[in-house]
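J.: When you get a sec, could you give me coordinates for this:
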Amino acid sequence: MQAQDPTAWTHAVSDAPPAPFRLRRPAEDAPATPLIFASPHSGRIYPPSLLAASNLDAAAIRRSEDAYVDDLIAPAPDHGITVLAARFARAWIDVNREPWELDPAMFEDELPAYAQGRSARISAGLGAIARIVGEGQEIYRRKLTFAEAARRVEEVHEPYHEVLAGLVRESVEAHGLAVLIDWHSMPAAATAQGAGAGCDLVLGDRFGAAAAPAISRRVESELKALGYRVARNSPYAGGYTTEHYGKPAAKVHALQIEVSRALYLDESTLKPTPLFARLKADLGRLIARLGATPWSRL
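T.: Modelled structure (predicted):
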């Protein structure tokens, strides 16, 4: 399947379409597995009110989008894997953040006491409602109201996690465990130095707190067998989804996978490169092998 035109979902006709996510269940002829794939940052709906309040044009505001990650993992249901993909852009609301992780400086009114106004992610401009995209480009030309933030949380963040939590419960009930893999892409520059320097993919399991070691080893070994350079927990150890759902003692394992955009994307135009087809084919092989893995034995 070819990657979609990157402008296809840039403009929404409404701020509140019927569903903030796309849910794909395993194919009828594919035995269900305990695997759940999530793609929280590949959404391409940018509501008109976001663009009207933004300093940025429709191309620049996409710099934080994990473009085409949902397309890269599209074969998963054919191998018994459920896929949940966000439809709204990360710049509208980041579902891989605690819902009330909000920067007080972005709002014209006072935030309620339950809002988490201080965190490393907020300091970096990347709270539940981001202040910046890309290399520090400011999104908004005006202050927001808390009512605007609450609407985004209630219409997008909460429904997304209600479904994801339900999928996890279903998997534990049906299979005795759940294995949640949260898929992302990372700028090529993110691995220029440090422990993950030069890697193609980063596996984040919160340093073993979010997934049993055997699960991370399994994914790593399959990726290495395909010829990819893999790092663990550096520069990304996992976000809100990995931390919130990863409870190995309760038979729920969560692993974040970051794919270098250099493997498939022109980062200046956000268009797929000729390497896209190769990466998708390789990930298809990985998905097939994961779908065939006897997870309950690990």
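J.: what's next to the top helix by length along the chain, contact-wise?
T.: Using DSSP state H, we find that the single longest helix of the chain is helix 158-175. Applying CB atoms under 8 Å, 6 or more residues apart in numbering, the contact partners of helix 158-175 are 19-21, 23, 32-36, 38, 40, 82, 84, 86, 95, 99, 177-180, 241, 245, 250-252, 295-296. C-beta coordinates here come from the backbone N, C-alpha and C atoms, glycine included.
J.: Could you tell me which of those count as buried?
T.: Using 16 or more other CB atoms under 10 Å as the burial test, those include 20-21, 32-36, 38, 40, 82, 84, 86, 95, 99, 177-180, 241, 245, 251-252, 295 as buried.
J.: Which of the helices or strands spans residue 99?
T.: If you go by DSSP states H and E, residue 99 is not part of any helix or strand.
J.: what do you get for residue 223?
T.: helix 213-225.
J.: Send me that helix as PDB with only the CA atoms.
T.: Presented in PDB, the C-alpha positions along helix 213-225 are these (Å, rounded to 0.1, in the frame of the first residue of the first chain):
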ATOM      1  CA  PRO A 213      12.700  -8.200  29.800                       C
ATOM      2  CA  ALA A 214      11.900 -11.100  27.500                       C
ATOM      3  CA  ILE A 215       9.400  -9.000  25.600                       C
ATOM      4  CA  SER A 216      11.900  -6.200  24.900                       C
ATOM      5  CA  ARG A 217      14.600  -8.800  24.000                       C
ATOM      6  CA  ARG A 218      12.200 -10.500  21.600                       C
ATOM      7  CA  VAL A 219      11.400  -7.300  19.600                       C
ATOM      8  CA  GLU A 220      15.100  -6.300  19.600                       C
ATOM      9  CA  SER A 221      16.300  -9.600  18.300                       C
ATOM     10  CA  GLU A 222      13.700  -9.600  15.500                       C
ATOM     11  CA  LEU A 223      14.700  -6.100  14.500                       C
ATOM     12  CA  LYS A 224      18.400  -6.900  14.600                       C
ATOM     13  CA  ALA A 225      17.800 -10.000  12.500                       C
END
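J.: following that helix, which helix or strand comes up?
T.: Per DSSP H and E, the first helix or strand lying C-terminal to helix 213-225 is strand 230-232.
J.: Direction included, what does that following strand pair against?
T.: If you go by DSSP bridges, strand 230-232 pairs up with strand 201-204 (parallel).
J.: so for the partner strand, what's the average pLDDT?
T.: Mean pLDDT, computed over strand 201-204, is 98.
J.: and what of stretch 31-42?
T.: On average, stretch 31-42 scores 97.
J.: How far away from the center of its chain is it?
T.: Centroid separation between stretch 31-42 and its chain, computed with CA atoms, centre = their mean, to the nearest Å, is 11 Å.
J.: And for stretch 167-187?
T.: Distance of stretch 167-187 from the chain centroid (CA atoms, centre = their mean) equals 13 Å.
J.: Wait, residue 34 touches residue 180, no?
T.: No: Residue 34 is beyond contact range of residue 180, at 9.3 Å (criterion: CB atoms under 8 Å).
J.: List the contacts of residue 63.
T.: Counting by CB under 8 Å, 6+ apart, residue 63 has contacts 133, 134, 135, 137.
J.: Equivalent analysis for residue 138, please.
T.: Residue 138 is in contact with 55, 131, 132, counting by CB under 8 Å, 6+ apart.
J.: how many other residues sit next to the second one?
T.: For residue 131, the count of nearby residues is 18 (other CB atoms under 10 Å).
J.: do the first one as well
T.: The number of residues packed around residue 55, counting by other CB under 10 Å, is 12.
J.: thought it was touching residue 141?
T.: Yes: the criterion here is CB under 8 Å, and residue 55 meets it with residue 141 at 4.8 Å.
J.: shaky segments in the protein?
T.: Applying pLDDT under 70 to the chain flags residues 1-18.
J.: Give me the most central residue, it.
T.: Closest to where the C-alpha atoms of the chain average out (CA atoms, centre = their mean) is residue 40, at 3.3 Å.
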